[in-house]
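A.B. asks: only geometry, no sequence info:
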C-alpha cells in the first residue's frame, strides 16, 4: 500500500491520536474535518459528509480510509452510507469503527453498515470498541470535580473500559497491514470493572473521594438536559446503559493485542496519565 490514508473525523477523540500514530509510522495522512483543521504532520482537508463536492479532494490519492460516526450523531445509516459508498466505488480499503455488541442484532444501524461493507467486495476491517475510559474526563468530569460523583444509570453493571489510545493504535495497525482484512475485532480493556470500582481508581489518582451514584434513566436524562443537551440525544445516551446493566459490556476481548501485539492499557494507567484533570 503506497497511497495516502484518509482519516474521517480527524479532530475527534479517536481521530487525533490515530493521525499521530499514522504520522509517526511514516504514513501520508489526510486529516479530514469540516473546518480543515491542521494537525501536525498531516495534510488538512475539508470534508463534510453532507456536501458531496468535498468528496473528490478528500479521496484523491487515497487507498485507505478510517470511518466513524461522530459521537453527537444519531443518524448512523444516513451518515455512513455515502462515505462507505464513495470508498467502495474507488476500491479504497475501509477501516470502520462501530461499537461492541452491534453484531448481536442485524437490525441495528451499525450492523447494517457493517453488512453493507462486508458485502461490497472492497477490502475492510471493522473495529468495535467498548466504553471509552476517556469518558471519565470527556463526559463525567464536571460531576467528578464539583461533587466528587459519577452519576450514570449503570446499576451494578460492569464494562471493560478501553483507552482511546488503544483504539487508535488498533486502527493504525488495521490500516497499515492487509493481514487483518475481512475481519471484525472487539476492542476492550484488560479487565471488567463496575463503576464503583472505577470510582475507587479515580479516587486514588485524584487524591479525593470519587463516588459512583447509580441513577435511573430519567434522572440521568434530566442531568444532561439540565446542562443544555438536546433531549433526544440525552435519551440516546441513557439507552446505551441498558447493555451495561444487562452485563453485555463486561466481556474482555483480545482485539487490541491481536492488532497491535501489545496488551491494552488498564483503567489505572488511563487514570494516572490523566490525573491532573481530576484534581481540583
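C.D. replies: Looks like it came in fine. Here the structure is a predicted model, which is why all the values come from computation and not from measurement. Numbers count the residues shown, from 1 in each chain.
A.B. asks: and residue 204, how far from residue 277?
C.D. replies: 14 Å (CB to CB, to the nearest Å). Where you see a C-beta, it was placed from the backbone N, CA and C, and this is true even at glycine.
A.B. asks: so where do the helices sit in the stretch 51-200 of the chain?
C.D. replies: Counting by DSSP state H, counting those that start in this stretch, the segments of the stretch 51-200 of the chain that form helices are 55-59, 76-89, 109-118, 135-138, 141-147, 164-176, 195-206.
A.B. asks: I'd like the ones you listed written out as CSV, with mean pLDDT added.
C.D. replies: Formatted as CSV, those follow (pLDDT from 0 to 100):
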stretch, mean pLDDT
helix 55-59, 96
helix 76-89, 92
helix 109-118, 93
helix 135-138, 93
helix 141-147, 87
helix 164-176, 98
helix 195-206, 96
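A.B. asks: among those helices, which is nearest residue 23?
C.D. replies: Proximity to residue 23 (CB to CB) singles out helix 164-176 among those, at 9.9 Å.
A.B. asks: off-centre distance for that closest one?
C.D. replies: Computed by CA atoms, centre = their mean, to the nearest Å, the separation of helix 164-176 from the middle of its chain amounts to 11 Å.
A.B. asks: what packs against that helix?
C.D. replies: Applying 3 or more CB pairs under 8 Å, 6 or more residues apart in numbering; DSSP states H and E, we find helix 164-176 packed against helix 15-24, strand 62-67, strand 93-97, strand 124-129, strand 183-187, helix 255-260.
A.B. asks: what angle do it and helix 15-24 make?
C.D. replies: Using axes from the mean of the first three to the mean of the last three CA atoms, to 10 degrees, the direction of helix 164-176 lies 50 degrees away from that of helix 15-24.
A.B. asks: if I look at residue 22, how far off is residue 186?
C.D. replies: Taking CB to CB as the measure, residue 22 falls 22 Å from residue 186.
A.B. asks: do the same with residue 56
C.D. replies: 35 Å.
A.B. asks: more neighbours: which of those two?
C.D. replies: residue 186 (22 against 10; other CB atoms under 10 Å).
A.B. asks: hey, what's that one bridged with?
C.D. replies: residue 128 (DSSP bridges).
A.B. asks: doesn't residue 130 make contact with it?
C.D. replies: Yes. Counting by CB atoms under 8 Å, residue 186 touches residue 130, with 7.5 Å between them.
A.B. asks: mutual contacts of those two, please.
C.D. replies: With contacts defined as CB atoms under 8 Å, 6 or more residues apart in numbering, the residues shared by residue 186 and residue 130 are 100, 251.
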